[in-house]
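Chemist: Fold the stuff below for me.
(one chain, ligands or ions: 1)
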Amino acid sequence: MTLEADPGADPGADPGADPGADLAAASRALAAARSVVVLTGAGISAESGIPTFRDALTGLWAHFDPQELASEPGFRAHPQRVWDWYAERRERMRRADPNAAHRVLADFARRHPGRLTVVTQNVDDLHQRAGCSDAIRLHGDLLADRWLDPCPRPAACSTSRATPGRPPRCADCGNLVRPGVVWFGEMLPLVEIGRAEHAAAHCEAMLVVGTSGAVWPAAGLAGLARRAGATVVIVNPEPSEIDAEASIRLRGRAAELLPRLLAPGSDAKS
Ligand code: BJW
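Modeler: You can find the predicted model right below:
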(Lines give C-alpha, C1' and ligand atoms only; values in the text may rest on other atoms or scores of the structure.)
Protein backbone atom coordinates (compact mmCIF):
# COMPACT_ATOMS: atom_id res chain seq x y z
CA MET A 1 0.00 0.00 0.00
CA THR A 2 1.08 3.55 -0.67
CA LEU A 3 -0.27 5.54 2.20
CA GLU A 4 0.54 9.19 2.67
CA ALA A 5 -1.45 11.10 5.19
CA ASP A 6 -1.41 14.82 4.92
CA PRO A 7 -2.71 16.78 7.88
CA GLY A 8 -3.70 20.41 7.70
CA ALA A 9 -5.62 22.39 5.15
CA ASP A 10 -2.72 23.38 2.89
CA PRO A 11 -2.84 21.19 -0.24
CA GLY A 12 0.75 22.12 -0.99
CA ALA A 13 1.99 20.88 2.35
CA ASP A 14 4.37 17.95 2.50
CA PRO A 15 2.77 14.60 3.27
CA GLY A 16 2.61 13.83 6.97
CA ALA A 17 5.74 12.29 8.41
CA ASP A 18 3.76 9.51 10.03
CA PRO A 19 0.96 8.20 7.79
CA GLY A 20 0.03 5.61 10.40
CA ALA A 21 -0.58 8.36 12.97
CA ASP A 22 -2.84 10.20 10.55
CA LEU A 23 -4.80 7.06 9.77
CA ALA A 24 -5.30 6.65 13.53
CA ALA A 25 -6.29 10.33 13.88
CA ALA A 26 -8.84 9.96 11.08
CA SER A 27 -10.19 6.80 12.67
CA ARG A 28 -10.54 8.57 16.03
CA ALA A 29 -12.31 11.55 14.44
CA LEU A 30 -14.82 9.20 12.80
CA ALA A 31 -15.28 7.32 16.06
CA ALA A 32 -15.95 10.52 17.99
CA ALA A 33 -18.39 11.99 15.47
CA ARG A 34 -22.06 11.64 16.31
CA SER A 35 -22.93 12.13 12.64
CA VAL A 36 -20.76 11.07 9.72
CA VAL A 37 -21.28 11.81 6.04
CA VAL A 38 -19.45 9.75 3.44
CA LEU A 39 -19.25 11.35 0.00
CA THR A 40 -18.23 8.80 -2.60
CA GLY A 41 -17.08 9.04 -6.20
CA ALA A 42 -16.10 6.64 -8.92
CA GLY A 43 -12.85 5.64 -7.16
CA ILE A 44 -14.74 3.61 -4.55
CA SER A 45 -15.95 1.30 -7.31
CA ALA A 46 -12.60 1.10 -9.12
CA GLU A 47 -11.60 -2.01 -7.19
CA SER A 48 -14.86 -3.65 -8.27
CA GLY A 49 -13.61 -3.36 -11.83
CA ILE A 50 -15.70 -0.33 -12.82
CA PRO A 51 -13.52 2.28 -14.50
CA THR A 52 -13.66 5.71 -12.87
CA PHE A 53 -15.59 8.30 -14.83
CA ARG A 54 -12.49 9.78 -16.33
CA ASP A 55 -10.99 6.32 -16.95
CA ALA A 56 -14.21 5.44 -18.78
CA LEU A 57 -13.18 8.10 -21.25
CA THR A 58 -9.97 6.29 -22.19
CA GLY A 59 -9.53 3.54 -24.75
CA LEU A 60 -12.21 3.60 -27.41
CA TRP A 61 -13.66 6.76 -25.94
CA ALA A 62 -10.41 8.65 -25.42
CA HIS A 63 -11.03 11.11 -28.21
CA PHE A 64 -14.43 12.23 -26.90
CA ASP A 65 -14.98 15.18 -24.63
CA PRO A 66 -17.01 14.33 -21.47
CA GLN A 67 -19.46 17.05 -22.47
CA GLU A 68 -19.99 15.19 -25.76
CA LEU A 69 -20.94 11.91 -24.11
CA ALA A 70 -22.49 12.97 -20.81
CA SER A 71 -24.73 15.79 -21.95
CA GLU A 72 -28.10 16.24 -23.58
CA PRO A 73 -26.68 18.14 -26.57
CA GLY A 74 -24.16 15.31 -27.02
CA PHE A 75 -26.91 12.69 -26.95
CA ARG A 76 -29.09 14.61 -29.39
CA ALA A 77 -26.15 15.03 -31.76
CA HIS A 78 -24.92 11.41 -31.57
CA PRO A 79 -27.62 9.24 -29.94
CA GLN A 80 -26.19 5.91 -31.07
CA ARG A 81 -22.65 6.71 -29.96
CA VAL A 82 -23.78 7.89 -26.52
CA TRP A 83 -26.24 4.98 -26.12
CA ASP A 84 -23.48 2.49 -26.97
CA TRP A 85 -21.16 4.07 -24.39
CA TYR A 86 -23.82 3.66 -21.71
CA ALA A 87 -24.73 0.14 -22.87
CA GLU A 88 -21.10 -0.92 -22.48
CA ARG A 89 -20.95 0.61 -18.99
CA ARG A 90 -24.25 -1.03 -17.99
CA GLU A 91 -22.87 -4.44 -18.96
CA ARG A 92 -19.71 -3.93 -16.96
CA MET A 93 -21.69 -2.75 -13.93
CA ARG A 94 -24.00 -5.78 -14.00
CA ARG A 95 -20.93 -8.03 -13.81
CA ALA A 96 -19.35 -6.11 -10.91
CA ASP A 97 -19.72 -6.85 -7.20
CA PRO A 98 -19.42 -4.50 -4.22
CA ASN A 99 -15.91 -4.44 -2.76
CA ALA A 100 -14.62 -4.19 0.81
CA ALA A 101 -15.16 -0.40 0.88
CA HIS A 102 -18.85 -0.64 -0.04
CA ARG A 103 -19.31 -3.50 2.41
CA VAL A 104 -17.64 -1.83 5.39
CA LEU A 105 -19.82 1.27 4.91
CA ALA A 106 -22.98 -0.84 4.89
CA ASP A 107 -21.75 -2.74 7.92
CA PHE A 108 -20.97 0.53 9.75
CA ALA A 109 -24.49 1.82 8.98
CA ARG A 110 -26.00 -1.39 10.37
CA ARG A 111 -23.92 -1.19 13.54
CA HIS A 112 -24.61 2.55 14.06
CA PRO A 113 -28.22 3.21 13.05
CA GLY A 114 -28.87 6.86 12.22
CA ARG A 115 -25.23 7.93 12.44
CA LEU A 116 -24.06 7.56 8.83
CA THR A 117 -25.30 9.25 5.66
CA VAL A 118 -23.83 7.97 2.40
CA VAL A 119 -23.98 10.47 -0.46
CA THR A 120 -22.78 9.13 -3.78
CA GLN A 121 -22.04 10.67 -7.14
CA ASN A 122 -21.91 7.18 -8.59
CA VAL A 123 -24.49 5.94 -11.02
CA ASP A 124 -23.67 2.30 -10.25
CA ASP A 125 -25.69 0.36 -7.66
CA LEU A 126 -22.85 -1.06 -5.59
CA HIS A 127 -23.70 0.83 -2.39
CA GLN A 128 -27.26 -0.47 -2.66
CA ARG A 129 -26.18 -4.03 -3.39
CA ALA A 130 -23.78 -3.91 -0.41
CA GLY A 131 -26.73 -3.02 1.84
CA CYS A 132 -26.79 0.81 1.88
CA SER A 133 -30.27 1.02 0.43
CA ASP A 134 -30.69 4.63 1.57
CA ALA A 135 -27.53 6.01 -0.05
CA ILE A 136 -28.34 9.40 -1.58
CA ARG A 137 -27.74 9.25 -5.34
CA LEU A 138 -26.86 12.69 -6.69
CA HIS A 139 -26.28 11.75 -10.33
CA GLY A 140 -29.02 9.20 -10.94
CA ASP A 141 -29.03 5.53 -11.85
CA LEU A 142 -27.17 4.03 -14.80
CA LEU A 143 -29.68 1.18 -15.12
CA ALA A 144 -32.77 3.41 -15.24
CA ASP A 145 -34.33 4.46 -18.52
CA ARG A 146 -36.39 7.55 -19.21
CA TRP A 147 -37.73 9.46 -22.17
CA LEU A 148 -35.49 12.14 -23.65
CA ASP A 149 -38.38 14.57 -24.17
CA PRO A 150 -41.36 14.91 -21.84
CA CYS A 151 -43.87 12.23 -22.81
CA PRO A 152 -47.31 13.63 -23.73
CA ARG A 153 -49.00 10.39 -22.53
CA PRO A 154 -46.99 9.34 -19.43
CA ALA A 155 -49.79 7.14 -18.09
CA ALA A 156 -49.92 5.07 -21.28
CA CYS A 157 -46.33 5.17 -22.48
CA SER A 158 -43.59 3.20 -20.74
CA THR A 159 -39.95 3.08 -21.78
CA SER A 160 -40.13 -0.68 -21.19
CA ARG A 161 -42.36 -0.94 -24.30
CA ALA A 162 -40.09 1.18 -26.51
CA THR A 163 -39.11 -0.25 -29.88
CA PRO A 164 -35.64 -1.83 -29.42
CA GLY A 165 -32.78 0.08 -30.99
CA ARG A 166 -29.66 2.03 -30.21
CA PRO A 167 -31.32 3.89 -28.54
CA PRO A 168 -34.81 2.42 -28.31
CA ARG A 169 -37.61 4.78 -29.40
CA CYS A 170 -41.35 5.24 -28.99
CA ALA A 171 -43.25 3.52 -31.80
CA ASP A 172 -45.88 6.29 -31.77
CA CYS A 173 -43.95 9.56 -31.59
CA GLY A 174 -40.28 8.63 -32.05
CA ASN A 175 -39.22 9.94 -28.61
CA LEU A 176 -35.84 8.44 -27.67
CA VAL A 177 -35.00 6.50 -24.52
CA ARG A 178 -32.05 7.89 -22.55
CA PRO A 179 -30.26 6.72 -19.38
CA GLY A 180 -31.64 8.01 -16.09
CA VAL A 181 -28.47 9.83 -15.09
CA VAL A 182 -27.72 13.51 -14.49
CA TRP A 183 -25.77 14.98 -17.37
CA PHE A 184 -23.67 18.14 -17.41
CA GLY A 185 -25.90 21.20 -17.46
CA GLU A 186 -28.82 19.35 -15.85
CA MET A 187 -30.18 20.04 -12.39
CA LEU A 188 -29.44 17.48 -9.71
CA PRO A 189 -32.58 15.93 -8.19
CA LEU A 190 -33.77 18.57 -5.72
CA VAL A 191 -34.68 16.22 -2.88
CA GLU A 192 -31.34 14.41 -3.06
CA ILE A 193 -29.12 17.50 -3.23
CA GLY A 194 -31.20 19.10 -0.47
CA ARG A 195 -30.74 16.09 1.79
CA ALA A 196 -27.02 15.91 0.98
CA GLU A 197 -26.45 19.61 1.75
CA HIS A 198 -28.37 19.34 5.01
CA ALA A 199 -26.36 16.30 6.07
CA ALA A 200 -23.06 17.98 5.11
CA ALA A 201 -23.92 21.15 7.01
CA HIS A 202 -24.78 19.20 10.16
CA CYS A 203 -22.21 16.41 10.31
CA GLU A 204 -19.25 16.25 12.66
CA ALA A 205 -17.06 14.29 10.25
CA MET A 206 -17.06 13.86 6.50
CA LEU A 207 -15.19 11.10 4.70
CA VAL A 208 -14.61 11.89 1.01
CA VAL A 209 -13.72 8.77 -0.95
CA GLY A 210 -12.55 8.35 -4.53
CA THR A 211 -13.62 11.56 -6.20
CA SER A 212 -11.60 13.99 -8.29
CA GLY A 213 -13.72 16.81 -6.81
CA ALA A 214 -14.03 18.22 -10.31
CA VAL A 215 -17.79 18.21 -10.63
CA TRP A 216 -20.16 20.61 -8.90
CA PRO A 217 -22.30 20.97 -6.86
CA ALA A 218 -21.22 17.62 -5.35
CA ALA A 219 -17.64 18.86 -4.91
CA GLY A 220 -18.93 21.74 -2.79
CA LEU A 221 -20.22 19.41 -0.08
CA ALA A 222 -16.74 18.98 1.42
CA GLY A 223 -16.32 22.74 1.85
CA LEU A 224 -19.81 23.00 3.28
CA ALA A 225 -18.93 20.40 5.93
CA ARG A 226 -15.57 22.02 6.71
CA ARG A 227 -17.10 25.48 7.12
CA ALA A 228 -19.68 23.98 9.49
CA GLY A 229 -16.82 22.71 11.65
CA ALA A 230 -16.63 19.05 10.57
CA THR A 231 -13.39 17.10 10.32
CA VAL A 232 -12.97 16.31 6.62
CA VAL A 233 -10.96 13.21 5.69
CA ILE A 234 -10.10 12.52 2.06
CA VAL A 235 -9.20 9.01 0.84
CA ASN A 236 -7.70 8.96 -2.64
CA PRO A 237 -4.49 7.56 -4.15
CA GLU A 238 -4.08 10.83 -6.07
CA PRO A 239 -4.50 14.51 -5.24
CA SER A 240 -8.00 15.84 -5.78
CA GLU A 241 -9.35 19.30 -6.59
CA ILE A 242 -10.85 19.63 -3.11
CA ASP A 243 -7.78 18.63 -1.07
CA ALA A 244 -7.73 22.13 0.44
CA GLU A 245 -10.96 21.30 2.28
CA ALA A 246 -9.40 18.33 4.09
CA SER A 247 -8.21 18.15 7.66
CA ILE A 248 -6.55 14.82 6.87
CA ARG A 249 -5.63 13.40 3.47
CA LEU A 250 -4.99 9.68 3.24
CA ARG A 251 -3.30 8.61 0.04
CA GLY A 252 -4.43 5.09 -0.71
CA ARG A 253 -7.12 2.87 -2.16
CA ALA A 254 -10.63 2.81 -0.78
CA ALA A 255 -10.97 -0.97 -0.39
CA GLU A 256 -7.78 -1.04 1.64
CA LEU A 257 -8.21 2.06 3.80
CA LEU A 258 -11.94 2.09 4.59
CA PRO A 259 -11.88 -1.22 6.47
CA ARG A 260 -8.97 0.14 8.50
CA LEU A 261 -10.93 3.30 9.29
CA LEU A 262 -14.37 1.85 9.95
CA ALA A 263 -14.39 -1.89 10.60
CA PRO A 264 -15.04 -3.28 14.09
CA GLY A 265 -11.70 -3.20 15.86
CA SER A 266 -10.78 0.17 14.38
CA ASP A 267 -11.21 3.23 16.60
CA ALA A 268 -14.51 3.95 14.84
CA LYS A 269 -16.22 0.95 16.46
CA SER A 270 -17.59 2.86 19.43
C1 BJW B 1 -9.59 6.00 -6.22
C2 BJW B 1 -9.29 4.71 -6.52
C3 BJW B 1 -9.36 3.82 -5.47
C4 BJW B 1 -9.08 5.77 -8.32
N5 BJW B 1 -9.71 4.22 -4.26
N6 BJW B 1 -9.93 6.40 -5.01
C7 BJW B 1 -19.30 25.52 -10.36
C8 BJW B 1 -18.11 25.82 -10.97
C9 BJW B 1 -17.85 25.37 -12.25
C10 BJW B 1 -18.78 24.61 -12.97
C11 BJW B 1 -19.96 24.31 -12.37
C12 BJW B 1 -20.22 24.79 -11.08
N13 BJW B 1 -21.44 24.35 -10.74
C14 BJW B 1 -21.94 23.61 -11.76
C15 BJW B 1 -21.06 23.59 -12.77
C16 BJW B 1 -21.23 22.90 -14.08
C17 BJW B 1 -21.03 21.40 -14.02
C18 BJW B 1 -19.62 21.09 -13.52
O19 BJW B 1 -19.40 20.70 -12.41
N20 BJW B 1 -18.66 21.23 -14.39
C21 BJW B 1 -17.27 20.93 -14.03
C22 BJW B 1 -16.70 19.94 -15.03
C23 BJW B 1 -16.49 22.20 -13.95
N24 BJW B 1 -22.02 20.76 -13.18
C25 BJW B 1 -23.21 20.44 -13.66
O26 BJW B 1 -23.53 20.67 -14.83
C27 BJW B 1 -24.21 19.80 -12.73
N28 BJW B 1 -25.47 20.44 -12.80
C29 BJW B 1 -25.67 21.65 -12.31
O30 BJW B 1 -24.82 22.27 -11.73
O31 BJW B 1 -26.97 22.10 -12.51
C32 BJW B 1 -27.24 23.47 -12.23
C33 BJW B 1 -26.96 24.22 -13.50
C34 BJW B 1 -27.61 23.84 -14.65
C35 BJW B 1 -27.37 24.53 -15.81
C36 BJW B 1 -26.49 25.60 -15.83
C37 BJW B 1 -25.83 25.95 -14.65
C38 BJW B 1 -26.09 25.27 -13.47
C39 BJW B 1 -24.47 18.35 -13.15
C40 BJW B 1 -23.29 17.48 -12.96
C41 BJW B 1 -23.63 16.07 -13.43
C42 BJW B 1 -22.41 15.18 -13.45
N43 BJW B 1 -22.71 14.01 -14.17
C44 BJW B 1 -21.66 13.01 -14.34
C45 BJW B 1 -22.13 12.00 -15.40
C46 BJW B 1 -23.16 11.05 -14.83
C47 BJW B 1 -23.57 10.03 -15.86
C48 BJW B 1 -22.41 9.13 -16.25
O49 BJW B 1 -21.77 8.48 -15.39
O50 BJW B 1 -22.15 9.05 -17.44
O51 BJW B 1 -21.39 12.37 -13.09
S52 BJW B 1 -20.08 13.71 -14.80
C53 BJW B 1 -19.14 12.54 -13.91
O54 BJW B 1 -18.34 13.22 -12.92
C55 BJW B 1 -20.13 11.64 -13.16
C56 BJW B 1 -19.49 11.54 -11.80
O57 BJW B 1 -20.45 11.23 -10.82
C58 BJW B 1 -18.87 12.91 -11.63
C59 BJW B 1 -17.75 12.95 -10.62
O60 BJW B 1 -16.72 12.14 -11.01
P61 BJW B 1 -15.88 11.34 -9.90
O62 BJW B 1 -16.76 10.40 -9.18
O63 BJW B 1 -15.13 12.30 -9.09
O64 BJW B 1 -14.93 10.46 -10.82
P65 BJW B 1 -13.52 10.84 -11.46
O66 BJW B 1 -13.28 9.87 -12.54
O67 BJW B 1 -13.46 12.27 -11.82
O68 BJW B 1 -12.46 10.66 -10.27
C69 BJW B 1 -12.20 9.40 -9.72
C70 BJW B 1 -11.27 9.57 -8.53
O71 BJW B 1 -11.08 8.31 -7.92
C72 BJW B 1 -9.89 10.08 -8.91
O73 BJW B 1 -9.54 11.17 -8.06
C74 BJW B 1 -8.96 8.89 -8.63
O75 BJW B 1 -7.67 9.28 -8.16
C76 BJW B 1 -9.73 8.18 -7.56
N77 BJW B 1 -9.46 6.75 -7.45
N78 BJW B 1 -8.95 4.65 -7.91
C79 BJW B 1 -9.98 5.57 -4.10
N80 BJW B 1 -9.04 2.49 -5.69
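Chemist: contacts and neighbour counts: CA atoms only from here.
Modeler: Will do.
Chemist: mind listing what the closest residue to Pro79 other than its chain neighbours touches?
Modeler: In space, and not counting its chain neighbours, Pro79 is closest to Pro167: 6.7 Å by CA to CA, 6 or more residues apart in numbering. If you count contacts by CA atoms under 8 Å, 6 or more residues apart in numbering, Pro167 has them with 79-80, 83, 176-178.
Chemist: residue ranges of the strands in the stretch 101-250 of the chain, please?
Modeler: Counting by DSSP state E, counting those that start in this stretch, the stretch 101-250 of the chain has strands at residues 116-120, 136-137, 140-147, 177-181, 205-209, 231-235, 248-251.
Chemist: so the fifth one versus strand 231-235, what angle?
Modeler: Counting by axes from the mean of the first three to the mean of the last three CA atoms, to 10 degrees, strand 205-209 lies at 20 degrees to strand 231-235.
Chemist: Does strand 205-209 pack against any helices or strands, and if so which?
Modeler: When contacts are defined as 3 or more CA pairs under 8 Å, 6 or more residues apart in numbering; DSSP states H and E, strand 205-209 packs onto strand 36-40, helix 220-227, strand 231-235.
Chemist: Nearest to Asp22, out of those?
Modeler: Counting by CA to CA, Asp22 lies closest to strand 231-235 out of these; the figure is 9.9 Å.
Chemist: Ranking helices and strands of the protein by mean pLDDT, which lands last?
Modeler: Least confident helix or strand of the chain, by mean pLDDT, DSSP states H and E, is strand 4-7 with a mean of 41.
Chemist: which of the helices and strands packed on strand 205-209 sits most buried?
Modeler: Mean neighbours per residue, mean count of other CA atoms under 10 Å, is largest over those for strand 231-235, with a mean of 28.
Chemist: Give me the residues contacting it.
Modeler: 26, 29, 204-210, 222, 225-226, 243, 245-254, 257.
Chemist: ditto for stretch 26-36
Modeler: Here stretch 26-36 makes contact (CA under 8 Å, 6+ apart) with 114-117, 202-207, 231, 233, 248, 260-262, 266-270.
Chemist: Okay, helices next: where are they in the stretch 151-270 of the chain?
Modeler: Assigned by DSSP state H, counting those that start in this stretch, the helices in the stretch 151-270 of the chain fall at 190-202, 220-227, 254-262.
Chemist: who touches the last one?
Modeler: Contacts of helix 254-262 with the rest of the structure, by CA under 8 Å, 6+ apart, involve 23-24, 26-27, 30, 43-44, 47, 99-102, 104-105, 108, 209-210, 235-236, 266-269.
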